[in-house]
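here's my sequence, what's the structure:
(one chain, ligands or ions: 1)
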Amino acid sequence: MTKSMMQAAVLTRYGGPGKIEIATIERPKPKANEVLVKVYATPVTAADTMMRRADPAISRLFLGFTRPRNNVMGTGFAGKVVGIGAEVEDFAVGDRVFGESGLGFAANAEYVCVAADGVIDWVPIALSYVDAATLCDGPLTSYHFLKTLANVQAGQSVLVIGASGSLGTAAVQLAHAFGARVTGVCSSRNVELVKSLGASNVIDYTKTDFTQEQETYDLIFDTIGNTSYGKCRHLLTETGIYTTPVLKFSVLLDMLRTRLFSSQRVKFAPAGLLPPEKLRAYLDEITQLITQGSLRMVIDQQYPLEDVVAAHRYVDSGRKRGNVVLVPRAAQGHSRRENKKVSGKKESVQSKTV
Ligand SMILES: NC(=O)c1ccc[n+]([C@@H]2O[C@H](COP(=O)([O-])OP(=O)(O)OC[C@H]3O[C@@H](n4cnc5c(N)ncnc54)[C@H](OP(=O)(O)O)[C@@H]3O)[C@@H](O)[C@H]2O)c1
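All right, here's what the predicted structure looks like:
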């Protein structure tokens, strides 16, 4: 492969994981306001798999109506700046950065170009690239839902449904860090993990139906969109909030209904549509929590970039614990060294060797 080429995960048709191909394509060149990042780690998220399927159908309006407008998959990345455009002042070659490319996609590749004033930040000193690559999924989204939408306060009681997923593992830790009492809902195999993240109470959904319990909550955060306000409203305090990052028509209807007729509230607003400066401010708060030791990333599986189809199949199973990350071949030795250096800070549930 020549220096101007790179490997990337490419999607030309919506559908199952088999639609993804590893292709050799031209390496992007940074525009005047962009940085070129050599990618050391890039996650496969539940949201990525939904975009692969164009699910819900309305997402085709911004993804591309009949086929993906941007062929190279993935939005999250962490890596090293290897080139900068003429107008870039904040970043320099050699900086360790992470972020997300949003609707520009193109992150599941060996190199990605990102606007210097987009969602990009420096990797906290103690964090590996693998951990940093996941910060714009679970932590950023959960921060937005818990802090901005629900304004979680110390002493409040918070129920996190799907507490072992990417958003859930972050939400349990964030709500705990904000001083809330956290109850997590997960399966038997994840009870100890969720407790270790700061949940004072864990409900194993394979044994107990939490909707039949007597406890009430100031906030119910259904990270996987498995329930509804109707099923949970009796578990909310009088002014309690139900929120989920999974958009359905019923959620919009319940938002309107509760606003008109109830002291309770249903809330939704996609984190990805917020302006970059707001998301960067959230990331500052999140990296501070990491530095204080209040937030750590849960990494389930790591795959080489060329195993992107297997990674999507695993995420599609709906059973991942925390995060799944791709590591491009050229970065593999480097990532392993970095992960070893910070292994004390990382929860590695099952790591596929890369
Ligand atoms: N709106 C936004 O801005 C935004 C941003 C990012 C993501 N999202 C969306 O957020 C959703 C969640 O993403 P995610 O990555 O956190 O999900 P995920 O990691 O794929 O969730 C899987 C986890 O949920 C657990 N689980 C499965 N069934 C469960 C149940 N009935 N009760 C409790 N836990 C259960 C699984 O463990 P077990 O199977 O062992 O229980 C697994 O650990 C996705 O739909 C994604 O598209 C929205």
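
neighbours around the residue in the chain that the ligand sits nearest to, how many?
Proximity of the chain to the ligand (Cβ to the nearest ligand atom) peaks at Gly165, 2.7 Å away. To be clear about C-beta, it is placed using only N, CA and C from the backbone, and glycine gets the same treatment. For Gly165, the neighbour count with other Cβ atoms under 10 Å is 27.

mind checking how far it is from Gly18?
When distance is defined by Cβ to Cβ, to the nearest Å, Gly165 is 24 Å away from Gly18.

check Ala150 too.
Distance of Ala150 to Gly18, computed by Cβ to Cβ: 39 Å.

tell me what Gln302 is bridged to.
The bridge-partner assignment for Gln302, based on DSSP bridges, gives Val325.

kindly report the residues of the stretch 101-250 of the chain close to the ligand.
Residues of the stretch 101-250 of the chain lying close to the ligand by Cβ under 6 Å from any ligand atom are 137, 141, 161-162, 164-168, 185-187, 189-190, 205, 223-226, 245-246.

in PyMOL, how would I select the buried members of those?
Buried members of those, defined by 16 or more other Cβ atoms under 10 Å, are picked up in PyMOL with:
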select buried, resi 137+141+161+162+164+165+166+167+168+185+186+190+205+223+224+245+246
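
narrow the residues of the stretch 101-250 of the chain next to the ligand to those in helices?
Thr141, Ser166, Leu167, Gly168 (DSSP state H).

which one's the longest helix in the protein?
helix 276-291.

helices and strands around it, which ones?
Secondary-structure packing of helix 276-291 (3 or more Cβ pairs under 8 Å, 6 or more residues apart in numbering; DSSP states H and E): strand 119-122, helix 138-143, helix 166-177.

tally of neighbours for Thr291?
13.

was I right about it contacting Ala126?
Yes: between Thr291 and Ala126 there is a contact under Cβ atoms under 8 Å: 7.2 Å.

and the gap between the residue of the chain closest to the ligand and Ala78?
Gly165 is 20 Å from Ala78, by Cβ to Cβ.

got a pLDDT number for the nearest residue to Leu247 once chain neighbours are set aside?
Among residues not flanking Leu247 along the chain, Phe268 sits closest, at 6.2 Å (Cβ to Cβ, 6 or more residues apart in numbering). pLDDT recorded at Phe268 is 95.
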